[in-house]
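Undergrad: Quick one: sequence and predicted model below, then my questions.
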Amino acid sequence: MNKYQIAGNPPRRAAQLKAHSQRGLGLVSAIFVITVLALMAAGMAAIVANSAKTHSHEILSIRAQSAAQSGIEIQLAKIASSSSCQGAQTKYNFNTQGLYECSATLSCSSVAIQDQHFISLKSVGSCGSGQDRAVRFVEKRVLQ
């Protein structure tokens with residue numbers, strides 16, 4: 001007689017009692033595993049979404065920096081040909097590949113430091129709009 005066999009009961013009845021006591025355990029285990037996997041999938045999706053948003057903002061920041069630097073270079077080329085600095089602000093809107101929908105706002109001023117005359121250029125580059133907007137500042141001073 002095995003341990004599942006009850007005195008007076010045939011072996012078939014003992015097998016039925018054993019199966020009855022374990023009924024539903026597989027379902028509970030499957031639901032637990034599915035829940036854990038679903039939580040892991042949701043966590044991974046949140047990480048991927050955050051990573052994509054961070055990456056797109058980094059690209060906008062680099063584009064804004066390039067727009068500000070490009071504005072400085074354009075203004076330096078104008079100063080090289082005219083040798084003067086305009087006091088008013090100048091705005092450049094870029095529609096080229098890489099700087100599409102970016103702009104640079106420049107201001108120019110003359111500064112004298114210890115008997116030397118400098119041209120001070122300040123550029124504010126911006127790309128994007130609303131929450132997806134990046135702004136970068138570049139300042140350059142050149143000897144006149």
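TA: Noted; the coordinates are in hand. Numbers count the residues shown, from 1 in each chain.

Undergrad: Buried residues of the one helix or strand S103 maps to, list them for me.
TA: Assigned by DSSP states H and E, S103 belongs to strand 102-113. Across strand 102-113, burial judged by 16 or more other C-beta atoms under 10 Å covers C102, S103, A104, T105, L106, S107, C108. Quick note: C-beta positions are derived from backbone N, CA and C, even for glycine.

Undergrad: go on, stretch 130-144?
TA: Applying a neighbour-count criterion of 16+ other C-beta under 10 Å, one finds A134, R136, V138 buried in stretch 130-144.

Undergrad: what's in contact with it?
TA: By C-beta atoms under 8 Å, 6 or more residues apart in numbering, the residues outside stretch 130-144 that reach it are 56-57, 60-61, 63-65, 67-69, 71-72, 76, 79, 83, 110-111, 116-128.

Undergrad: For it, what is the distance to the chain centroid?
TA: 20 Å (C-alpha atoms, centre = their mean, to the nearest Å).

Undergrad: Give the rounded mean pLDDT of it.
TA: Averaged across stretch 130-144, the pLDDT comes to 88.

Undergrad: related to what we said a few turns ago, quick check, nearest of the buried residues of stretch 130-144 to V28?
TA: Closest approach to V28 among the buried residues of stretch 130-144 (C-beta to C-beta): A134, at 50.8 Å.

Undergrad: so what's that closest one bridging to?
TA: Going by DSSP bridges, A134 is paired in beta bridges with C127.

Undergrad: before we move on, what about the one 5 residues further on?
TA: Counting by DSSP bridges, E139 is bridged to K122.
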